[in-house]
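Trainee: Please work out how this folds:
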Amino acid sequence: MKYAGFWVRATAYAIDIVPISIIVVTLFYFYSDFGQTWFAYQADRMNVDARVQFIKEQNWIRETVFGVWLVYCALMEGSSFQGTLGKRLLGIRVVDRLGNRISFGCSVIRNLSKITSYIPFLMGFFWIAGSRQKHGWHDMLAKTDVVYGESRLHEHFE
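Mentor: Down below sits the predicted model:
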């Protein structure tokens with residue numbers, strides 16, 4: 001098995017997170033008061049109340065994007081796709097240590113474990129770059145690997 005490294009995994013993440021972010025921000029903008037909050041903050045950046053409200057809503061959006069991404073990853077990686085659309089596009093997939101498809105339960109564990117990779121300054125994700133088997137902390141906890149599959153697009157990220 002050839003392990004997928006940091007840059008190809010980061011590129012797959014970017015392919016997945018951009019549309020998720022756009023959708024969540026658009027929903028917040030049009031269906032909550034975020035548009036109003038943003039305009040109030042832009043009109044008077046020295047207004048403490050407007051700044052606090054903007055930061056609070058911005059954090060809520062960020063955490064919602066992260067939550068949607070975790071659920072999306074868990075569903076996709078535990079399916080017959082064996083990875084998100086970004087991973088599929090780049091020809092990488094998530095497998096167990098024997099190279100088999102992971103179960104939905106393992107996928108949920110793997111993706112909830114991403115919180116441990118995320119919280120300390122994203123160190124669990126950067127760990128991939130220095131790991132011999134290209135494991136993030138979440139891969140180690142779930143006993144999974146991210147390996148190359150069908151596509152040849154990954155050669156541009158080596």
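
Trainee: can we go C-alpha only for contacts and neighbour counts from here?
Mentor: Will do.

Trainee: Show me the contact partners of the helix or strand of the chain with the lowest mean pLDDT.
Mentor: None of the helices or strands of the chain scores lower by mean pLDDT, DSSP states H and E than helix 34-43, at a mean of 88. When contacts are defined by C-alpha atoms under 8 Å, 6 or more residues apart in numbering, helix 34-43 is touched by residues 28-29, 47, 50-51, 53-54, 57.

Trainee: Next, D145: phi, psi?
Mentor: With angles defined as degrees, to the nearest 10, D145 sits at phi -130, psi 150.

Trainee: show me what contacts it?
Mentor: Applying C-alpha under 8 Å, 6+ apart, we find D145 in contact with 3, 94-97, 99, 133-135, 139.

Trainee: So which of those wins on neighbours?
Mentor: Taking other C-alpha atoms under 10 Å as the neighbour criterion, V94 ranks highest of the contacts of D145 with 28 neighbours.

Trainee: So which elements touch the longest helix seen in the chain?
Mentor: If you go by DSSP state H, the chain has its longest helix at helix 48-77. In terms of contacts (3 or more C-alpha pairs under 8 Å, 6 or more residues apart in numbering; DSSP states H and E), helix 48-77 is packed against helix 6-31, helix 34-43, helix 104-112.

Trainee: next structured bit after that helix?
Mentor: helix 85-90 (DSSP states H and E).

Trainee: Rounded mean pLDDT for that following helix, please.
Mentor: Summarised as a single mean, pLDDT over helix 85-90 is 96.
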